[in-house]
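> build the 3D model from these lines:
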Amino acid sequence: MSEARPKALRWTLLVGLAVVLVFAGIAGFLYRRTEARVVSDYERQQLALVRQTAGAVELRWEDIRHRLDRTLLQENRGRRIRDVGEFEATFQVSPEGRLKVLRGSLPPAVAALVTRQKSEPGSYLSEPLFAEDGSVKLIALEPLFDGARPAGAAGGVFALPELLGPPLRGIEGMPISIVILNESGSVLANTHHPEMIGRRIPAEGSCLPCHRAFTTEQRMLRGEEGAGKIQVTRNPVGVVAFTPVHLANRRWSLAFSTRHGLIAQTTRSGFMNLFVLLTVFLSLTLAATVFIFRLNQKRRLAELKAQAAERRLKFEQQLQHAEQLAAVGKMASHIAHEINTPLASIGLNVAYLRTEVERYAGAKIAEIQEVSEAVTREIDRLKKVIQDYLRFARMQKPAPERRSLGQISENFLDFIAKEAEQRRVKIHSQITAEPTYASLDENLVRQALLNIVRNSFEAMPDGGEIRFELRAFEKELELRISDNGPGITAEHLPRIFDPFFTTKREGTGLGLAHTRKIVREHGGDVRCEARPGSGTTFIITLPRILGEKVFLPAQPEMEPAGISSRAAGPHFGQGGRGGPS
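Numbering: from 1, shown residues only. Reported below is the predicted structural model:
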C-alpha cells in the first residue's frame, strides 16, 4: 500500500500536467482564432475610415480648385480677402500662354506645368516639391473659361497641410499612423517616420534593410484598395488599410496603420485572465477527477469482461448456426435422394393410370385428366423445391478466373432480355467503360444475378423497370440491381438472406441465401436497401483486379444475415419485390 500511494501521486501529477498542457494548447488556438477575427474586424473598420478620409481629401481638393478661381478674381480686382490664405503664391496664364505672377514667388516647376497645360488643357496638380525643412508644397493649375471659350488658367502654390489638414482632423487622438504615397512612390507624409518624407518606395540605401518586404507598398502604388500587414526593423507588426485618392491628374494612396498589439490588447488581456481562472479551477478539481476515474476503472473492467463474454457467446452461436446449416445441407441431400425416386415412380404411375383408364373407357375423361395434371404439377413443384435444396447444399466451390464483370453482366442481360420482354419489364443498363476485371466463376455469378432478377420479375407481375449499374472504384467493383416494384417491409428486410425464409406461398427461401453464399465465396458481399412502395436495390461488391494486383477485402466478422447501413447511391425509382424467394 505504501508503494501504491507514491505511484498514484505520480500518475495524478502527470495527468494534471497533461490536462494543463492540453488546455493551454486549446486556449492558445482559441486565442489566435479570436485575435485573427478581431484584427479582421478592425481591418474592415479601418478600411471604411480610410475610404471616408480619402473622400474628404478629394472634396478638399475640389474646394481648393474653386477657391483658386475665386482668388484670381479677387486679385484681378485688387481686393484682398481673408479666406484665401491657403495659397502662398498665385499666378495667371493667358490664353496665349503668358505667365503673370499675382502674388508671392513661384518655384521653377511652374513653367513645366504651364507648358503641359497649354498642350493638354485641364486641371493639374504638380509633383510634390520637397523642401530641406521637410515641408511639402504643391502647385495647382485650373483652366478658366469665358462662357464656353478657354480663357487661360489660374494657378496657386500651397503647402500639403492645407490639403490634408481639414480631412485629417477627424482622426486626431487616434492611435493611427498616416502614410501618403504618390503614383511614383514618393512618400508625401508619414507621421510615424517623418524622416521617410521625400524618399521613394522601395527606398534606396538604409531603407532596404529595415523592411522585410514591400508587398503592401507595391499594392498601394498600383492603386489597389485593401488591407495588409507591414513591419519595419524590429518594430511591432502594423495593420494597414489603404485606398487610392484621385486628385486631378494624380493618383495618391492614403494609408492608415495601427500597431497589431494595440488591436489585440483587450483580447489578450481577457484570455490571460480566463486562463488563470480556469487553471486554478483545474488544479482544484484534478484530485477529485483522478479519484472518480479510479472508481470508474473497476466498473469499466467489469463491463469489458461482460462485453467479451457476450461477443464470445455470439461467436459460438454463429458457429453453431453454421454447423446446423451444414447438417441441414447433408440432411437435405439425403432426403432429396430418398424423395426423388418415389416422385419419379409416382409420376410414371399417374401417367400410366390415366392412359389405362382412358383406354378402358374408350375416351378421354375430363375429371381424370384434371386430377392427373394436378398431381403432375405438384410432382414438378416438389422436384423444383428439391433441386433448390440440393443446389444450396451442394454448391460447388468457385473456380475463379480473371474475368470482366462488365462483360458477364452484358451477356447476362442478353440472356434474360427475351423473358423480360414477355413479362413487360424494361431493362436499363449503365456499365462503366473502365476495366472491371475480378476473379470470378462466371457460371456462379450468372446464377447469383439470375436469383435477384427472378425475384424482381415475380415482384412486378404487371411489368416494371430494372436497372443495372456497374461502377469501378480503386479497390472494388460495385454492381447495383434496382427495380421499381413494391419494395420490402422493414420487418422482413433483415431476414431476406436467411436460408428458408420466404413470404411467398410456393417459395423455398433459398434464392437470396444462395446468392449471398456465391458472392461471399468470391470475397465480396451483397446487401439490400428497400422501403415499401419505393422499390428495392441490391448492391454487390467484389474485389477488383488492376493489372496483376488483386484487392482482397478484410474478412468481416461473422454476423447474422441483415442489411448494411451503408447509404444507397442515386435512385431512378429503386426496385423492389413482394418478398424474398
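
> mind listing the helices for the stretch 151-300 of the chain?
160-168, 215-221, 260-361 (DSSP state H, counting those that start in this stretch).

> got a list of contacts for the shortest one?
Spelled out, that is helix 215-221. Contacts with helix 215-221, where a contact means CB atoms under 8 Å, 6 or more residues apart in numbering, come from 181, 183, 185, 201-202, 226, 228-230, 240, 242, 253, 255. C-beta coordinates here come from the backbone N, C-alpha and C atoms, glycine included.

> can you tell me which of these is nearest E35?
Of all those, E35 sits closest to K229, with 12.9 Å by CB to CB.

> bridging residues for the closest one?
V239 (DSSP bridges).

> pick out the shakiest of the helices of the stretch 151-300 of the chain, pLDDT-wise.
Sorting the helices of the stretch 151-300 of the chain by mean pLDDT places helix 260-361 lowest, at a mean of 73.

> need the next SSE after that one, C-terminal direction.
On the C-terminal side of helix 260-361, the closest following helix or strand by DSSP states H and E is helix 366-393.

> now the helix or strand that that following helix is followed by: how far from the chain's centre is it?
Remark: after helix 366-393, the chain's next helix or strand is strand 401-404, criterion DSSP H and E. For strand 401-404, the separation from the chain centroid amounts to 37 Å (computed by CA atoms, centre = their mean, to the nearest Å).

> can you list contacts of strand 401-404?
Residues from elsewhere that reach strand 401-404, judged by CB under 8 Å, 6+ apart: 435-442, 445, 545.

> re the thing from before, for PyMOL, write the selection for the buried entries among the contacts of helix 215-221.
A single PyMOL command is used to select the members of those judged buried by 16 or more other CB atoms under 10 Å:
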select buried, resi 181+183+185+201+228+229+230+240+242+253+255
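
> nearest to L278, of the contacts of helix 215-221?
Distances from L278 to these, taken by CB to CB, are shortest for K229, at 30.6 Å.

> my read: that closest one touches V237, true?
Yes: under the criterion of CB atoms under 8 Å, K229 makes contact with V237 at 5.5 Å.

> hmm, back to that, just flag the most distant two among the contacts of strand 401-404.
Farthest pair in the contacts of strand 401-404, by CB to CB: P435 and D441, 19.0 Å.

> return a PyMOL selection command for the buried portion of the contacts of strand 401-404.
If you want just the buried ones from the contacts of strand 401-404 in PyMOL, going by 16+ other CB under 10 Å, the selection is:
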select buried, resi 436+437+438+439+440+441+442+445+545
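
> can you redo the contacts of strand 401-404 as TSV with distance to A140, pLDDT and secondary structure?
Formatted as TSV, these follow (distance: CB to CB, whole Å; pLDDT from 0 to 100; DSSP: H, G, I helix; E, B strand; the rest coil):
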residue	distance to A140	pLDDT	secondary structure
P435	77	89	coil
T436	79	88	coil
Y437	82	90	strand
A438	84	91	strand
S439	88	89	strand
L440	88	91	strand
D441	94	89	coil
E442	92	89	helix
V445	90	91	helix
I545	82	85	strand
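
> which of the contacts of strand 401-404 sits closest to R531?
Using CB to CB, those come closest to R531 at V445, 27.5 Å.

> which residue, other than its chain neighbours, is closest to the closest one?
I408 (5.7 Å; CB to CB, 6 or more residues apart in numbering).

> element containing that neighbour?
Assessed by DSSP H and E, I408 sits inside helix 405-422.

> and that helix, what does it pack onto?
strand 425-431, strand 437-440, helix 442-459, strand 464-472, strand 476-483 (3 or more CB pairs under 8 Å, 6 or more residues apart in numbering; DSSP states H and E).

> pick the most buried one from the ones you listed.
Across these, averaging neighbours per residue (mean count of other CB atoms under 10 Å) puts strand 476-483 on top, at a mean of 24.

> now for it, which elements pack on it?
When contacts are defined as 3+ CB pairs under 8 Å, 6+ apart, strand 476-483 sits against helix 405-422, helix 442-459, strand 464-472, strand 536-543.

> in a markdown table, list the ones you listed along with distance to L313.
Formatted as a markdown table, the helices and strands packed on strand 476-483 follow (distance: least, CB to CB, whole Å):
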| stretch | distance to L313 |
| --- | --- |
| helix 405-422 | 39 |
| helix 442-459 | 32 |
| strand 464-472 | 39 |
| strand 536-543 | 30 |
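
> and of these, who's closest to E127?
strand 464-472 (68.8 Å).

> which strands and helices lie in contact with that closest one?
helix 405-422, strand 425-431, helix 442-459, strand 476-483.

> so which of those is nearest F497?
Closest among the helices and strands packed on strand 464-472, using CB to CB: helix 442-459, at 11.1 Å.

> L113 is in contact with L99, correct?
No: look at L99 against L113 with CB under 8 Å: they stay out of range, at 10.3 Å.

> of these two, who's got more company?
L113 (20 against 15; other CB atoms under 10 Å).

> mind listing what that one touches?
124, 126, 139, 141, 155.

> one step back: which one of the helices and strands packed on strand 464-472 lies closest to F500?
helix 442-459 (14.7 Å).

> can you name every helix or strand that the closest one contacts?
The contact analysis (3+ CB pairs under 8 Å, 6+ apart) places helix 442-459 against strand 401-404, helix 405-422, strand 464-472, strand 476-483, helix 511-521, strand 536-543.

> for the ones you listed, give me a markdown table that also has distance to I452 and mean pLDDT.
Converted to a markdown table, those look like this (distance: least, CB to CB, whole Å; pLDDT from 0 to 100):
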| stretch | distance to I452 | mean pLDDT |
| --- | --- | --- |
| strand 401-404 | 19 | 90 |
| helix 405-422 | 11 | 91 |
| strand 464-472 | 9 | 92 |
| strand 476-483 | 5 | 92 |
| helix 511-521 | 6 | 84 |
| strand 536-543 | 5 | 92 |
